[in-house]
Every structure is written in C-alpha cells, then in structure tokens.
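1. would you be able to build a 3D model of this:
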Amino acid sequence: MRHYPVFLDLKGRRVVLAGGGETALAKLRLLTKTEARIEVFAADPVPALQALADEGRIHLHRRGFAAGDAAGAALAYAAADDEAEDRRVAALARADGALVNVVDDLNASDFITPAIVDRDPVVVAIGTEGAAPVLARRIKAELEERLPASLGLLARAGRAFRRAAEALPHGRPRRDFWSDWYDRAGPKALEEGGTAALAPALERTLDDHRHARPRAGHVAFVGAGPGDPDLLTLKARKALDVADVVIHDRLVTPAILELARREAVMIDVGKEGFGASAAQDDIDALIVEHARKGAQVVRLKGGDPTIFGRLDEEIDACDAAGIEWSVVPGITAASAAVAQIGQSLTRRTRNSSVRLLTGHDMKGFAEHDWKALAPPGEVAAIYMGKRAARLVQGRLMMHGADPATPVTVVENASRPDSRTIATTLGRMEPTISDAGLTGPALVLIGLAPRHAAYALDGQDVRIELKEEAAL
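-> Residues are numbered from 1 along each chain as shown. Model (predicted):
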C-alpha cells in the first residue's frame, strides 16, 4: 500500500487550487462539499468557476499562482492542464508546506483523491493507487446501487444520539445497539413514519438495549474453505463480521483473515501434520475462556470444519462448559481440487462412491481399507497426504492396484499460486517428494486433470492452473 487512506478534517482550513478550466471545476465539485475555505487562482477562469465565486462557495483570485499562496493551506491542487505550469505550482506549494496533488500525475503528487460514494456523513472512498481508475468507477457504481440514499439520514440521526448511547457499556453492548439501529429499527422507523419518527425510535431502541440482559458468549465453528475468499459462504462472512475473537488454523489464508472485524482479537493456533502446533487441550481452553467472557468467538478452520477438523473435541469442550455453539460449513479441499481440474468426485459407470481419507492420524501414518481402494475406477481424496505418499503407493499396489492408475496432486487448491501435478500410482513417489510442495496439498487417487496432456509413458505433467484457480 503506497497511499495510506485517511479522512482529513478540513473544517475551516484553507485548500488552494491553481487552474481555471474544466479540470479545476471537476476537482471543485467534490471539494465544495467539504467545510474547507477554498481559494482558486486562475487568470482566465471558465464561467462556472466565476459562478461558484458569486455564490460564495469559493474565493477566486483572478491571477496566476505565486509563492506564498499556499502558506498555511492543508492541501494544494495543481489543475492547470499544463504540465510545466502544474509542476511550477507544485514546487511553490510544497515550499509553502502544503500537501500537493497534481491532477492526473500520480508520481508528482503527495496524495491522491479517491472515488467517493457520498451518503453524508457516511463516505466511502475507493482507491486503486492510480492503477485502475475505470475499476474504481465500476466499484463506485456498484456501491451507489447497494447503499440506500436513506443511509445518510440514519447516520445523521445516530450522530446526534451518540452521547446518549454512551450510557451503554463500551464494546459489544454498544455495537449491538448500533447494529440494531442501522439494520432494523432505523429503516423501519423511516419507512413507517419518515424523519420525524427517527428520534423516538432511537430512544426506544436505546431503552430496549439498556434493559437487555448481557449477551451470552457463543462459538461459531466456521469453515474457511480452501483459501479463495470468494468461496466463503455468506454465513461465514457474517460470522467474521461480528466476531470478537477469531481463533484460526495455519491453513486459513491472510486474505480471509482480512475479512474479520478490525477490532477482533486474532489468535493463531496453527496446526501442521507432524509439525509444531498448539495442543488441542489448549485450543479447547482458549475457546471456552473467551466465550465465558461473553465474546462472540469464531473458530475458523480451513476447508470444512466437519472434515478432519477435530470438531467433535471442541464441541465437547463447549458442551462441558455450557456454551452455545453453531457450525457453519465450508467448501472442502476435495471439492475445490476436482473443480479446478475439471473433474467430479463421482461419475456414472466409473464410481458411485468416493472416500475422503487422511494421510496421518494421532498415531502417525493412517491405515485404511486398501483392498477396497485398489480396484479400477475407485476414487479417493487424501488430505494431509504429502508425507504419506510412499505408504499409500505401497499399500495400494500391494493389494493389486494398477501402477497406471491416474494420480493428481493439487497444491493450494483455489488459490492464485495453485499447482497441479498429474502422475500415476507407479510414479507417485518420488514425484510428490521431487515436487517440493510447500502448501497444503490434496492427493486424488483415480482422477486425472480433464484438460491435461496426461502421459502414461513415465513422464509426469506439471500444470500451473492460475486461470482456473481464479474461477
């Protein structure tokens, strides 16, 4: 992030702008919405600029910009539509101590003006670091459609009521009150009684929350999916949005953690097969400790929490402590992996069942019914199978599996850095070891990528599936 987003208080402060054409006028359309004292320097201004001056919305100096004109100014805009003149103005304004924006020149600017969605006092700023202004405008248009015009009315009523709301304890009780106002009570009052109904509705809502019993702690066991934030369920997004505490595993990607409420306490209890990890008893204790304090806890697990996620142990800990809980399913890695290679886990005439297996358990490498997996057409998805590859290969072939059985390894399924390796059971090892896999990998027995040039001549096929991972 090159440009740090801030909202600058311009009430009563000077903002200067050099330029008298349409570019200057475009900047003033937004600046005149602020409470700044705006001074424009233009020897030959367009009539619309003179009209703004006549209305008292700007102070117009009918001359060029000079040294000292930006002294004491918070911001300065160079908008003369002339590169040399804009550079001259920028140098003078910086010498006066002002932050400078040179219109349409990112590298010459100290700050940039984002695209704005205005629901005063609610303002949404959209920036793309100057890289994609068309994209910024598209996002602005989408947000304009989603945010009702009445949002500003609700926010202004709420702003006048903030001091009264301080009667509620700081933290979740106060957040619950405001959520109730903006999500339910406020829109309902506005719809039924117009602006006159807002103040009484605020009083009633505050009174309801002032006498409400403290909200009990709750634990949501949430599936984070395979890594792509777009594959999160809506319910998972809502849980992250209200979480006080997020207790997450190693496999949860930073992009998903970014979706949690900013004030949430983030606790990493990363677990990795055969590696260092937090003890399960300690994780159980953490969940219970925070929920007992009344926190809304999200226990965030990669994939689906019900598949190799040790969910039952954590639910048992909640039950023993009398804590309410819920489960939010997620997309499991097997589903993401087969979607990425263009296959399905089951198929008529091929297999009517699929096995989801783990490569290791609490005792080490996991044993399974290898004989049932050996016949042609059987499909299995092996989680945490990188280090168990040689064992799986040996057990299957010992029970008669064809060495030519297709095997596909999908690393970082659904993510931009995803990698797919197509091989055979006979070459499963050393292929997996030689691949140098560093991310979570799923091993698919009995499936080959649909679009891969799959080889049976002893050559493994390695495919970068970044386009498909973005679907």
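
2. please count neighbours and contacts with C-alpha atoms only from this point.
-> Fine.

3. and the strand or helix carrying A48, what does it pack onto?
-> Using DSSP states H and E, A48 sits in helix 47-54. If contacts are counted by 3 or more C-alpha pairs under 8 Å, 6 or more residues apart in numbering; DSSP states H and E, helix 47-54 sits against strand 59-61.

4. what about 10 Å?
-> Applying 3 or more C-alpha pairs under 10 Å, 6 or more residues apart in numbering; DSSP states H and E, one finds that helix 47-54 contacts helix 22-31, strand 37-41, strand 59-61.

5. the second one pairs with which strands, and in what direction?
-> This means strand 37-41. Using DSSP bridges, the strands paired with strand 37-41 in its sheet are strand 14-18 (parallel), strand 59-61 (parallel).

6. any stretches of the stretch 201-350 of the chain with poor pLDDT?
-> Low-confidence segments of the stretch 201-350 of the chain, defined by pLDDT under 70: 271-277.

7. what about R237, distance to I315?
-> Distance of R237 to I315, given as C-alpha to C-alpha, to the nearest Å: 21 Å.

8. when these two are compared, which one has more neighbours?
-> Neighbour totals were compared for R237 and I315, and I315 leads with 20 against 16 (other C-alpha atoms under 10 Å).

9. beyond the helix or strand hosting the more buried one, next helix or strand please.
-> Assigned by DSSP H and E, I315 belongs to helix 311-321. Where DSSP H and E defines the elements, the next helix or strand beyond helix 311-321 is strand 324-328.

10. which parts of that next one are buried?
-> Under the neighbour-count criterion of 16 or more other C-alpha atoms under 10 Å, strand 324-328 has W325, V327, V328 buried.

11. host element of A76?
-> Going by DSSP H and E, A76 is in strand 75-78.

12. got the domain ranges for the chain?
-> Domain segmentation of the chain under automatic domain parsing yields 14-113, 151-210, 218-331, 334-469.

13. follow-up on the earlier one: for K27, find the nearest of the strands paired with strand 37-41.
-> Closest approach to K27 among the strands paired with strand 37-41 is made by strand 14-18 (8.8 Å; C-alpha to C-alpha).

14. how far away from the center of its chain is that closest one?
-> Chain-centre distance of strand 14-18: 36 Å, with C-alpha atoms, centre = their mean, to the nearest Å.

15. would you map the strands across the stretch 301-450 of the chain?
-> Secondary structure of the stretch 301-450 of the chain (DSSP state E, counting those that start in this stretch): strands at 324-328, 355-358, 360-361, 364-365, 380-383, 406-411, 419-424, 441-445.

16. CA atoms of the last one as CSV?
-> By that I understand strand 441-445. Extracted as CSV, the C-alpha positions of strand 441-445 are listed here (Å, rounded to 0.1, in the frame of the first residue of the first chain):
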residue,chain,number,x,y,z
ALA,A,441,-1.8,-30.5,-1.0
LEU,A,442,-4.6,-32.9,-1.8
VAL,A,443,-3.9,-36.2,-3.5
LEU,A,444,-6.6,-37.5,-5.8
ILE,A,445,-6.3,-41.3,-6.5
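
17. quick one: strands adjacent to that strand?
-> Its sheet considered, strand 441-445 pairs with strand 380-383 (antiparallel), strand 406-411 (antiparallel) by DSSP bridges.

18. my guess is T128 meets L135, correct?
-> Yes: taking contacts as C-alpha atoms under 10 Å, T128 lies within contact range of L135: 7.9 Å.

19. what sits opposite D268 in the beta ladder?
-> Residues in beta-bridge contact with D268 (DSSP bridges): H248.

20. since we're on it, how many residues are nearby?
-> A count of nearby residues for D268, using other C-alpha under 10 Å, gives 15.
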